[in-house]
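Q: prediction below, plus the sequence it came from.
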Amino acid sequence: MSHRLSFLNRVISLLLGLTLTVIAVWSVAHASGNDLAVEWAARIDHDAIDAALASQYFPLGLIVAVVVGVVAGGWLIMSNLRRHAITRVPSPLSEDGGEIQISAARVAAAVGEGLKSFEGVEDVRHSVAWDRGRPTATWLISAQPGVDMRALVAEIEQTDVDVHEALTGIELATSYKLHLRPVEGS
């Protein structure tokens, strides 16, 4: 997810949350007979609302608002659901005669297989995707609760060094997420 999309999601969530909170607080206050909420409700000009609803432009305005809302909502949903997967990353060793590309997904799969052979590791899943504007390889390592953590962390650190040495000059961030299975019988 890009910084802009993340910021937009947070702003929309904040505005929607604040709006719903204000409506909920005002509704509860009005229903409980709070003087300020009742006074604000009395200031609503019902004649102006009725005149707006009776206007010949109201249906057209409503249709435009619905179309704009559907398009904006559809765009927001699609931008959040769009896969940001990366299959190949360009090598800086490319020349004018052609471009060298490395299959980042295959490199990640090979690294995952290497980590899976460590004693106590049950499963390794990998993904290569854009994260915060950078191509990032992520490994989710599932291990048994009794795994030798120091040795596993050392193995992960050495693997990270090996990946960056093998892909010298290629911009690929790495992320290792270690999940331990629950201890049985406790």
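A: Okay, I see it. Nothing here was measured: the structure is a model prediction, and the numbers come from that model.

Q: can I get the host helix or strand of residue 137 in PDB, CA atoms only?
A: Secondary structure assignment for residue 137, by DSSP states H and E: strand 134-143. Taking C-alpha atoms only, strand 134-143 is exported to PDB below (Å, rounded to 0.1, in the frame of the first residue of the first chain):
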ATOM      1  CA  ARG A 134       9.600  -0.200  -2.300                       C
ATOM      2  CA  PRO A 135       9.700  -3.700  -3.700                       C
ATOM      3  CA  THR A 136       9.700  -5.900  -0.600                       C
ATOM      4  CA  ALA A 137      10.200  -9.700  -0.100                       C
ATOM      5  CA  THR A 138       8.400 -11.000   3.000                       C
ATOM      6  CA  TRP A 139       8.700 -14.400   4.600                       C
ATOM      7  CA  LEU A 140       6.200 -15.700   7.100                       C
ATOM      8  CA  ILE A 141       8.000 -18.400   9.100                       C
ATOM      9  CA  SER A 142       5.900 -20.700  11.300                       C
ATOM     10  CA  ALA A 143       7.900 -22.600  13.800                       C
END
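
Q: so the helix or strand following it versus strand 134-143, what angle?
A: Downstream of strand 134-143, the first helix or strand assigned by DSSP H and E is helix 149-166. With axes from the mean of the first three to the mean of the last three CA atoms, to 10 degrees as the basis, helix 149-166 and strand 134-143 are set at 150 degrees to each other.
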